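Student: Give me a model of this one.
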Amino acid sequence: MGIDARLGDILTQLDKGREEALSRLFELLRIPSISTDPEYAPEVRRAAEWLVAELTDLGLDAKLHDTTGHPMVVAHTPSGDARPVLFYGHYDVQPVDPLNLWDRDPFDPELQDTPDGTVIRARGASDDKGQLMTFVEALRAWKAVHGTLPTDLVLLFEGEEESGSPSLLPFLNAHRDELSASIALICDTGRYSDGRPAITTQLRGLVGQEVVIRGADRDLHSGAFGGLAANPIMVLSQALAALKDADGRVTLPGFYDGVEDLPEQLARDWEALNFDAQAFLGGVGLKTPIGEKGRTPLEMQWNRPTAEINGIAGGYAGDGFKTVLPAEARAKVSFRLTGQQDPAKIRDAFQAHVRSFVPDDCRVEFHDHGASPASVMDITDPAFGLAREALSDEWQQEAVFIGAGGSIPIAGDFKRMLGMDTMLIGFAKDDDRIHSPNEKYDLESFEKGARSWARILAALR
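Tutor: Next up is the predicted model:
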C-alpha cells in the first residue's frame, strides 16, 4: 500500500472520529491544571496522569516523571532503528482571573457558534491542550488504521510552561539520551494572521530585569526638599528614557553585537505576506507604527531586538494629589533578542547603563526575571520543506515560513542541549484570547490540526 493510500485511510478515520476526539479534549480541559497556584498542584498531577493513560492506550511506553515542581510526561515508541521524532507540548494552563470577565465556567468547555465559525471555549483550549491533542489524535487515527504508529516517537509534555519551566532544563539534562531525536515538533504557535498555515522558523529571545532605585529614608515634602534632594523617580525616568535614541535604536553599548540582517529569501517571503501594520495596530486602538527607522514592520516584530518598559511605579498615584519626592522608584524592563545576542551581556550592559545615572545619595538594586537567547532554525533541513508541502495540501493554501516576536525558550534549549532544530507548527489564531478571559480554539483548528499532523508524519516517515 502506497503512502497516499495509507494517508487517505488515516484522514478518513480522523473525520469519522471527530466527536470522540472532541470528547477526549473536553475531558482534559475540565481539569484545572493551573501550574502557578500551589492549590492546584493535585489537579496538575491529575492532568499528567490522564495523559499517561491516554498515551499508554495508544501503545506508547508512557511514564510520569516527578520533578521538584510539577510532573513531566514522557512517552516513546518501542526502540527502532531510526532516530526518533520528538513532540513537545504543555498541559498546564494560566490562571483564570479575573473570573467575572468570563462568560461561563473556564473549566466547563463548550462548543459555541460565533460569526467566524464554531469555537471551543475553555481555559487551555488554545494554549496548549487543544494544540497538544491535535498530535495525539493524529497518532490515535494512525494506530486505529494500521495497528502501529508512523515512526519512532518521543513525546514530552510539560506541566510548568506557564510558570517559567523551572524544572525543564534539569530534566532535559538528566534525560538527554532518552529525549534525543532527529528533529523536534512543537504545537504552541499559530497560523499567519490571514489564516494561512505557517511554520515558525525563528523566535526572539528574552531578558527580563527589574530595577529599584532608593533615595531618602522616607517620602519627602517636595516644597521643602524639591530641587535639593535626589528624586528616585526622576533618576529612573532619565535612565529609562536614554535607552533609545531618536531613530528607535537601543543605546546600550554592544547591544547589536550578534544581530543579523534577514536573509534575502526570507525577506522576499515576508514581503509577500503583505502585512498591514495599520490594520494590525487598529485591532488594539492604534494606527501608527513606530520603532527602528529603516526597518519594515515585520522585521521589527520578528527579526529586530527591542527594549521595552513593562511597568513603572513609585510615589503617590492615588486619588487627589500628594506633593512628595518618593523614597523609592522601580521599573520592569524587558529586552527581546535576535540572532546571536548574548542575554548575559545585555543584562550587564543594562545594569551598567542604569548605574551611570544613579547619584551618590541613591542606591540601586536589580532583580533578574529570566534570560534566553533567540532561536533561529535551519530551514535547509528537508523536513521543513516536507512539512510545508503537507500543510499546504491540507489547508489548500500555500504554507508560509514566519517569525515570532515572542519567546518559546524550549526551542532554543532543544538546539543547545540536544542538538536538534525545531519545527513550530500550530493552528491557533490571533483572536484566541490566550491568557485572557474567554479563551477559545476554533473547531476547525482542532480538526484540521489533527489532519495536518497526520500528513506531516506521513511525509516525515
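
Student: Looks to me like V211 is in a strand.
Tutor: Yes - under DSSP: H, G, I helix; E, B strand; the rest coil, V211 falls within a strand.

Student: Strands along the stretch 251-400 of the chain, start to end?
Tutor: 306-314, 324-325, 328-337, 363-372, 375-376, 400-404 (DSSP state E, counting those that start in this stretch).

Student: Likewise for the stretch 101-250 of the chain?
Tutor: 110-114, 117-121, 153-158, 183-186, 198-203, 205-214, 220-221.

Student: what pairs with the longest one, and is each one parallel or antiparallel?
Tutor: In its sheet, strand 205-214 lies beside strand 328-337 (antiparallel), strand 363-372 (antiparallel), with partners assigned from DSSP bridges.

Student: can you check the second one too?
Tutor: In the sheet containing strand 117-121, the strands it pairs with under DSSP bridges are strand 110-114 (antiparallel), strand 440-442 (antiparallel).

Student: Low-confidence stretches in the stretch 151-300 of the chain?
Tutor: For the stretch 151-300 of the chain, no stretch has pLDDT under 70.

Student: Which parts of it are helices?
Tutor: Ranges of helices within the stretch 151-300 of the chain are 168-174, 176-179, 222-225, 232-241, 264-271, 277-282, 297-298, based on DSSP state H, counting those that start in this stretch.

Student: Just put the ones you listed in JSON lines and tack on distance to D368 and mean neighbour count.
Tutor: Glycine gets a C-beta too; all of them are placed from N, C-alpha and C. Putting those into JSON lines (distance: least, CB to CB, whole Å; neighbours: other CB atoms under 10 Å) gives the following:
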{"stretch": "helix 168-174", "distance to D368": "15", "mean neighbour count": "16"}
{"stretch": "helix 176-179", "distance to D368": "26", "mean neighbour count": "14"}
{"stretch": "helix 222-225", "distance to D368": "33", "mean neighbour count": "13"}
{"stretch": "helix 232-241", "distance to D368": "18", "mean neighbour count": "19"}
{"stretch": "helix 264-271", "distance to D368": "32", "mean neighbour count": "14"}
{"stretch": "helix 277-282", "distance to D368": "31", "mean neighbour count": "14"}
{"stretch": "helix 297-298", "distance to D368": "30", "mean neighbour count": "18"}
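
Student: A458: which of the ones you listed is closest?
Tutor: Nearest of the helices of the stretch 151-300 of the chain to A458, taken as CB to CB: helix 176-179 at 23.6 Å.

Student: by contact count, what packs against that closest one?
Tutor: strand 72-76, strand 153-158, helix 409-418 (3 or more CB pairs under 8 Å, 6 or more residues apart in numbering; DSSP states H and E).

Student: Nearest to Q94, out of those?
Tutor: Going by CB to CB, the one of the helices and strands packed on helix 176-179 nearest Q94 is strand 153-158, 14.1 Å.

Student: That closest one pairs with which strands, parallel or anti?
Tutor: For strand 153-158, pairing defined by DSSP bridges yields strand 72-76 (antiparallel), strand 85-90 (parallel).

Student: now what about the shortest one, what contacts it?
Tutor: Right, the one you point to is strand 72-76. 48, 51-52, 55-56, 60-65, 84, 91, 152-159, 167, 171, 175, 178-179 (CB atoms under 8 Å, 6 or more residues apart in numbering).

Student: From those, list the buried ones, please.
Tutor: 48, 51-52, 55, 60, 62, 84, 91, 152-159, 167, 171, 175, 179 (16 or more other CB atoms under 10 Å).

Student: related to what we said a few turns ago, with mean pLDDT as added columns, please give the strands paired with strand 117-121 in CSV.
Tutor: Shown next, in CSV, are these (pLDDT from 0 to 100):
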stretch, mean pLDDT
strand 110-114, 98
strand 440-442, 98
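
Student: so which of these comes closest to R6?
Tutor: strand 440-442 (27.6 Å).

Student: Quick check: what element follows the closest one along the chain?
Tutor: helix 443-460 (DSSP states H and E).

Student: What does L64 show for phi and psi?
Tutor: phi -100, psi 130 (degrees, to the nearest 10).

Student: where does the spatially most central residue of the chain land on pLDDT?
Tutor: By CA atoms, centre = their mean, the mean C-alpha position of the chain lies nearest to I408, the distance being 4.4 Å. pLDDT for I408: 85.

Student: Lowest average confidence across the strands of the stretch 251-400 of the chain, which one?
Tutor: Note on these: lowest mean pLDDT is at strand 375-376, with a mean of 90.

Student: Quickly list what T306 is bridged to.
Tutor: Applying DSSP bridges, one finds that T306 bridges with R336.

Student: Thought T338 was touching it, still the case?
Tutor: No - counting by CB atoms under 8 Å, T306 does not reach T338; the two are 9.1 Å apart.

Student: Could you list the residues in contact with stretch 346-363?
Tutor: For stretch 346-363, the surrounding residues in contact (CB under 8 Å, 6+ apart) are 207, 209, 211, 213-215, 229-230, 232, 235-236, 238-239, 242-243, 251-255, 333, 335, 337, 364, 366, 368, 371.

Student: at 7 Å instead, please
Tutor: 207, 209, 211, 213-215, 230, 232, 235, 238-239, 252-255, 333, 335, 337, 364, 366, 371 (CB atoms under 7 Å, 6 or more residues apart in numbering).

Student: circling back to that earlier point, could you dump the strands paired with strand 153-158 into a markdown table with mean pLDDT added?
Tutor: Output for the strands paired with strand 153-158, formatted as a markdown table (pLDDT from 0 to 100):
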| stretch | mean pLDDT |
| --- | --- |
| strand 72-76 | 97 |
| strand 85-90 | 97 |
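
Student: Looking at the ones you listed, which is nearest to P263?
Tutor: Taking CB to CB, strand 85-90 is the member of these nearest to P263, at 26.1 Å.

Student: How much space separates E444 from F427?
Tutor: 8 Å (CB to CB, to the nearest Å).

Student: again but with T200, I slipped
Tutor: 12 Å.

Student: give me the number of residues near the residue nearest to the residue nearest to the centre of the chain when sequence neighbours are not counted?
Tutor: The shortest distance from I408 to any non-neighbouring residue, by CB to CB, 6 or more residues apart in numbering, is to L203 (5.4 Å). The tally of other residues near L203 (other CB atoms under 10 Å) stands at 29.

Student: re earlier: M377: which of the strands of the stretch 101-250 of the chain is closest?
Tutor: Using CB to CB, the strands of the stretch 101-250 of the chain put strand 198-203 closest to M377, at 4.6 Å.
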